[in-house]
Structure formats: C-alpha cells, structure tokens
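Fold the following and give me the result.
(one chain, ligands or ions: 1)
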Amino acid sequence: MTSENIKLDIDYVRSQFPAFKDPLCKDWSFFENAGGSYVPQQVVDQLNKFMVSTKVQPYAEYPMSKIAGNNMDKATEIFAEMINANKKEIIIGGSTSINLYVLSNALRYLIKRGDEVIVTNQDHEANISPWRRLKESGANIVEWKIDKNTHELEISELKKLINNKTKILAVTHCSNIVGSVNDLKEISKIAHKYNTIVIGDGVSYAPHGFPDVKDLEVDFYTFSLYKTYGPHLGLLYGKEKILKKLPNQNHQFLENQYPYTLNPGGPNHEELSSLIGIYEYFENLYNHHFSNKKLKFFDRIQKVNNLIAKHEENLANPLLKYLSSRKDIKLIGKKTIKNKDRAPTISFTSKKHSSKKISKILNKNFIATRNDNFYAWRCLNALDINSDDGVIRISMTHYNTEKEVKNLIKILDKNL
Ligand SMILES: Cc1ncc(COP(=O)(O)O)c(C=O)c1O
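Residues are numbered from 1 along each chain as shown. Down below sits the predicted model:
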C-alpha cells in the first residue's frame with residue numbers, strides 16, 4: 001500500500017485515549033475539541049511520573065531534580081523540532097492569552113506615536129485586545145475586516161491597509177468560528193515588505209496538524225497545548241533574531257536570557273514535562289501506520305499530519321454538505337474542506353431555533369457541544385449574529401468517527 005492510500009486507523013487512535021473508555025465520557029460524541037481536547041494515555045503517564053518522583057525544584061545535581069530538568073528541556077526541544085524551530089525560540093506559558101499579553105508588553109517599545117497596528121475582526125479576542133491596548137502607547141489601530149459574504153479575510157483588503165507605518169499585524173491562522181485557514185505565508189510576505197512584525201494565532205490550526213513556522217515565515221506564532229492533546233499550557237514561538245532584542249518581562253537578573261525574558265514566573269514544570277507524552281503519542285501513530293524508520297522526526301510528524309487531515313476531511317465534508325443544503329441554517333465559512341483549506345471547526349445558526357435550544361437538544365442526545373461566541377464576539381458581530389446566543393459549534397478532531405458524524409446529522413435532521 002502506498003502511503004497516499006493509508007487511512008488513519010481510528011480504532012487504534014481511540015484506544016490511546018483513556019477518556020473513551022471512561023464511564024463518564026464513553027457514551028458521548030465529543031464535538032467541543034476547539035475548546036480543549038482529551039489527552040492520550042502517554043500524557044497522563046508522563047504527568048503522573050513527574051508528580052510521583054521528580055516533583056522537586058529542577059536543575060540541581062541530585063537525580064530527582066536532574067531528571068525533572070532534563071525532562072522539561074526534552075519537552076521543549078521536542079516541540080521546537082515538531083514545528084521546525086529551535087529551543088531558544090520556544091516559550092511555554094500558561095495559555096495563549098497570557099503569552100500574547102506578555103509579548104504585547106515587550107513589543108510596546110517598538111511603538112511611536114502615529115505608528116499603526118493591524119488587528120482583524122475574525123480573531124479570538126486573545127489576539128486582538130493586547131494589540132488594541134497599544135493605542136495607549138500612541139499606535140493607531142487599524143481593523144482588517146472580514147468580508148460579510150464570504151466570511152473570509154481577503155488579502156486584497158490587507159494590501160489596502162498596510163503601509164510603512166504598520167509596525168504589527170496580528171492575524172489568526174485559522175478562525176475558531178469561520179474555520180478557514182488563512183494564507184499566513186502570503187500574509188507574512190506582504191507584511192515583511194513593510195518591515196511589519198506578524199503575530200499568527202495558530203490555536204485553531206495546530207490541533208489539525210503542527211505547523212512549520214519557518215515555512216510560514218511568521219515572526220511569532222502561538223497555540224494552546226491543551227487543544228493539541230496536552231495539559232493547560234500555551235506555546236509561543238518567536239524568531240530568535242527578534243526575540244533576543246525584546247525587553248525583558250521577567251526578573252531583572254534574567255536580562256538577555258531569552259526566551260525566559262518572555263516567560264515571567266517560568267513554565268509549569270509537571271505540565272511542561274508531560275508534553276513528552278504528546279510526542280510519544282505521535283510517534284506511536286507514525287509507527288502504527290508507516291514502516292520507514294529512517295525518516296526524520298519532523299517529516300514523520302508531517303506524514304501523521306497528512307493522515308489526520310484526510311480523516312478530518314472525511315468527517316467534516318458530510319456535515320458541511322448537510323448544513324449547507326438546509327435553507328434554514330446559516331453555515332459560517334467554506335462549504336467544503338479541500339487541501340487543508342479549512343479546519344473541521346463548523347459553526348452555524350438556525351433561522352428557526354436559538355443556538356441555546358439546539359445546544360440543549362444535542363446535549364440531551366449525548367453530543368457534547370455548546371452555543372457561545374467563543375470569545376470571537378467581534379467576528380459574530382460582523383456576521384450579524386447575536387453574540388450572547390452565539391453559534392452552535394461542532395468542532396471535530398482526528399479522534400472523532402464517521403459514525404459519530406452520521407448520528408449527529410440524524411439528530412439534527414430529526415429535531416431541527
Ligand atoms: C483561536 C483562539 N485563539 C486564542 C485562544 C486563547 O487561548 P488560551 O485559552 O490558551 O488563552 C483561543 C481559545 O479558545 C482560540 O480559540
């Protein structure tokens with residue numbers, strides 16, 4: 001069988017996640033993955049191991065401490081390699097929101113009165129508010145607005161907004177509502193012509209395939225590890241040549257010790273260490289599906305990413321087709337996924353029922369999802385959707401099954 005024909009072995013995938021055997025969860029279809037994903041056994045084991053024997057102050061010479069420090073370093077190195085960065089470019093903070101908040105405080109030094117900062121109205125608020133606050137430092141805030149008909153951020157619009165005064169552009173790689181994958185590489189190329197720093201939010205992208213940050217050419221990139229099968233942490237990547245120049249946000253004596261300069265208080269030790277479990281899980285996925293043991297780690301990850309993408313397309317396309325066929329439903333974003341141009345994060349509203357009511361119906365039928373604005377309230381406002389009632393969001397990931405999607409469509413069809 002050529003690697004193009006290999007299908008994700010969904011039974012194997014699900015066997016790696018203890019949640020799917022747990023009495024509390026096992027009867028549910030879990031469709032709230034864009035809010036946070038379950039973790040594989042390997043993450044639980046790594047966390048457990050750290051807590052039992054190495055939960056001491058790391059980096060001393062006694063073995064428990066030495067191993068703690070080694071595991072924390074190993075986790076950082078693995079994630080650097082996973083996204084094609086180096087370990088001095090990786091910050092593991094409490095969440096994406098906190099990482100972006102700290103980054104925006106560090107980038108303040110760049111801003112002079114009259115400079116411009118571009119934010120979008122498609123992003124989650126985590127990649128908007130910190131940049132809008134730069135108004136206090138004299139920046140003019142410019143909004144790159146989504147197209148009301150396509151719900152997309154059109155690059156032609158960006159070209160009208162960006163200029164030599166633009167110092168920062170904050171844009172999502174994939175909206176947690178619209179689901180489209182924005183062409184971050186093209187966006188970065190345009191921005192760099194004006195020496196603009198690009199901050200890409202990959203929170204809704206990374207769960208569907210770890211990115212190659214060098215290929216994307218972004219200056220900063222962030223995602224939330226609790227949505228990529230890990231504990232509640234956020235990863236921030238920053239280009240080393242920029243990172244090393246940023247003013248220190250940590251203890252004064254840590255001046256020049258980037259990337260810690262952007263990690264006040266340091267990472268959560270046990271959770272950082274448990275990220276090794278994500279690596280082990282992806283390695284297991286690779287070894288279960290592919291036989292070439294000589295491939296480099298980064299290339300193995302890409303292979304697994306492709307496998308996942310194909311499976312997610314098969315999950316999402318039937319639901320997208322069903323929702324877009326109904327006249328009483330407003331589907332947000334693209335009607336199909338082709339060549340990874342969309343995440344399987346599918347939002348909609350109904351002309352007949354409130355999102356809250358639909359959410360209740362789905363919950364009654366053991367479908368875990370919710371109605372909300374998911375902190376992308378500017379996006380909902382732009383789409384004329386009440387941000388209190390919000391959208392229904394069905395967010396899938398590679399451990400969802402085609403059977404679950406069929407059942408979801410049946411329930412929607414019967415009840416709406
Ligand atoms: C697209 C997007 N960006 C940013 C965030 C904020 O992430 P965190 O919860 O890690 O602060 C979220 C959280 O849901 C998100 O969906």
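
Which helix or strand lies directly C-terminal to the helix or strand where Lys160 lies?
Taking DSSP states H and E as the definition, Lys160 sits inside helix 155-161. Using DSSP H and E, the helix or strand that directly follows helix 155-161 along the chain is strand 166-172.

so what secondary structure elements neighbour that following strand?
Under the contact definition 3 or more C-beta pairs under 8 Å, 6 or more residues apart in numbering; DSSP states H and E, strand 166-172 sits against strand 116-120, helix 184-193, strand 197-201. C-beta: built from backbone N, CA, C; applies to glycine.

sorry, back to before: report all helices and strands that the helix holding Lys160 contacts.
Partner elements for helix 155-161 (3+ C-beta pairs under 8 Å, 6+ apart): strand 140-144, helix 184-193.

residues contacting the residue lying closest to Asn381 once chain neighbours are set aside?
In space, and not counting its chain neighbours, Asn381 is closest to Ser387: 6.1 Å by C-beta to C-beta, 6 or more residues apart in numbering. By C-beta atoms under 8 Å, 6 or more residues apart in numbering, the contact list for Ser387 reads 373, 377, 380-381.

Could I get the helices and strands packed on helix 155-161 in JSON lines, plus columns for mean neighbour count, mean pLDDT and distance to the ligand?
JSON lines is the format used below for the helices and strands packed on helix 155-161 (neighbours: other C-beta atoms under 10 Å; pLDDT from 0 to 100; distance: least, C-beta to the nearest ligand atom, whole Å):
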{"stretch": "strand 140-144", "mean neighbour count": "16", "mean pLDDT": "98", "distance to the ligand": "16"}
{"stretch": "helix 184-193", "mean neighbour count": "17", "mean pLDDT": "98", "distance to the ligand": "13"}
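
Arrange the ones you listed in JSON lines, one row each, with distance to Gly277 as further columns.
Shown next, in JSON lines, are the helices and strands packed on helix 155-161 (distance: least, C-beta to C-beta, whole Å):
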{"stretch": "strand 140-144", "distance to Gly277": "38"}
{"stretch": "helix 184-193", "distance to Gly277": "28"}
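
closest to Gly69 out of these?
helix 184-193 (33.9 Å; C-beta to C-beta).

Report pLDDT for Asn256.
You'll see Asn256 listed with a pLDDT of 88.

count of residues packed around it?
9 (other C-beta atoms under 10 Å).

quick one on the thing from earlier: for the helix holding Lys160, which outside residues touch it?
So helix 155-161 is in contact with 118, 142, 144-145, 147, 169, 183, 186-187, 190, going by C-beta under 8 Å, 6+ apart.

Same check on stretch 243-259?
Counting by C-beta under 8 Å, 6+ apart, 88-91, 102, 105-107, 109, 238, 240, 260-265 sit against stretch 243-259.

May I see the buried residues of that stretch?
Within stretch 243-259, the residues that count as buried by 16 or more other C-beta atoms under 10 Å are 243, 246, 248-250, 258-259.

Just the ones in helices from those residues, please.
Using DSSP state H, the members of these that fall in helices are Leu243.

out of the buried residues of stretch 243-259, which touch the ligand?
Among those, no residue lies close to the ligand (C-beta under 6 Å from any ligand atom).

could the buried residues of stretch 243-259 go into TSV alongside distance to Ser325?
Shown next, in TSV, are the buried residues of stretch 243-259 (distance: C-beta to C-beta, whole Å):
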residue	distance to Ser325
Leu243	48
Leu246	50
Asn248	55
Gln249	50
Asn250	53
Tyr258	52
Pro259	48
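
secondary structure element for Lys406?
Using DSSP H and E, Lys406 maps to helix 402-415.

How much space separates Tyr375 from the ligand?
In this view, Tyr375 and the ligand are 6 Å apart by C-beta to the nearest ligand atom, to the nearest Å.

so who does Asn263 touch?
The contact partners of Asn263, by C-beta under 8 Å, 6+ apart, come to 91-93, 102, 249-250.

Quick check: the farthest pair among these?
Between any two of the contacts of Asn263, the greatest separation by C-beta to C-beta is 14.7 Å, found for Ile92 and Gln249.

ok, back up a step: just to be sure, which of the contacts of stretch 243-259 are found in helices?
The members of those that map onto helices under DSSP H are 102, 105-107, 240.

List only buried entries from those.
Judged by 16+ other C-beta under 10 Å, buried ones among the ones in helices among the contacts of stretch 243-259: 102, 105-107.

Get me the contact residues on this protein for the ligand.
For the chain, the contact set with the ligand under C-beta under 6 Å from any ligand atom comprises 34, 95-97, 124, 126-127, 172, 176, 201, 203-204, 224, 234.
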